[in-house]
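Student: Have a look at this fold, sequence not included:
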């Protein structure tokens with residue numbers, strides 16, 4: 001009989017993170033700043049052998065910042081106003097940073113919520129830039145205890161011409177040049 005592949009659970013806060021490591025094969029977390037990874041690792045605690053901590057990173061490899069913001073801001077405003085992600089970011093300490101976005105969403109103003117989402121949040125939660133810049137920013141998520149970095153790549157129109165080069169650059173997440 002072939003063993004099943006690992007199946008880490010999706011987890012955003014301490015209870016689910018711990019559950020993923022005690023009862024499951026680990027955890028997958030996402031939509032966090034690289035600076036938030038240590039807090040997630042602290043919540044996980046000592047990782048038993050064979051368990052995974054997967055950090056999913058959203059990437060839009062383009063130097064057109066306006067495009068990257070237009071492409072990612074609606075998704076981020078929507079998802080950051082879902083209760084699990086709102087509570088996740090409050091736990092991470094970003095409640096005040098997202099306060100106006102949350103208030104506008106709660107008032108039934110999704111467009112106002114999108115506009116109220118600070119650029120630093122959009123840039124921090126959805127990596128953009130040249131493929132090389134994206135690669136360097138993605139590497140900031142790599143910490144002891146993070147077993148896998150999973151990329152969600154949203155390719156802008158100009159990248160389709162050089163898609164293979166872009167994806168190859170993003171895939172090389174080892175040390176620079178490696």
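Tutor: Cool, got the structure. Computed from a predicted model, the values in this text were never measured in an experiment.

Student: how about the helices in the protein?
Tutor: 14-22, 37-44, 65-80, 83-92, 95-106, 110-116, 119-125, 131-139, 163-171 (DSSP state H).

Student: Now do the end-to-end distance for stretch 112-121.
Tutor: End-to-end distance of stretch 112-121 (CA to CA, to the nearest Å): 15 Å.

Student: Check what contacts that stretch and list those residues.
Tutor: Residues outside stretch 112-121 that contact it (CB atoms under 8 Å, 6 or more residues apart in numbering): 69, 73-74, 76-77, 80-81, 94, 97-98, 100-105. Every residue, glycine included, has its C-beta placed from N, CA and C.

Student: pLDDT below threshold where in this protein?
Tutor: Low-confidence regions of the chain, defined by pLDDT under 70, span residues 157-167, 169-178.

Student: re the thing from before, could you dump the helices of the chain into a markdown table and include mean neighbour count and distance to residue 3?
Tutor: Output for those, formatted as a markdown table (neighbours: other CB atoms under 10 Å; distance: least, CB to CB, whole Å):
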| stretch | mean neighbour count | distance to residue 3 |
| --- | --- | --- |
| helix 14-22 | 17 | 19 |
| helix 37-44 | 17 | 23 |
| helix 65-80 | 17 | 33 |
| helix 83-92 | 16 | 31 |
| helix 95-106 | 16 | 41 |
| helix 110-116 | 17 | 45 |
| helix 119-125 | 17 | 35 |
| helix 131-139 | 17 | 30 |
| helix 163-171 | 14 | 26 |
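
Student: closest one to residue 55 among those helices?
Tutor: helix 37-44 (6.6 Å; CB to CB).

Student: For the longest strand seen in the chain, name the packing helices and strands.
Tutor: Taking DSSP state E as the criterion, the chain has its longest strand at strand 52-60. With contacts taken as 3 or more CB pairs under 8 Å, 6 or more residues apart in numbering; DSSP states H and E, strand 52-60 sits against strand 26-30, helix 37-44, helix 65-80, strand 126-128, helix 131-139, strand 148-153.

Student: Tabulate the ones you listed (CSV), appending distance to residue 59.
Tutor: CSV is the format used below for the helices and strands packed on strand 52-60 (distance: least, CB to CB, whole Å):
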stretch, distance to residue 59
strand 26-30, 12
helix 37-44, 16
helix 65-80, 10
strand 126-128, 5
helix 131-139, 5
strand 148-153, 5
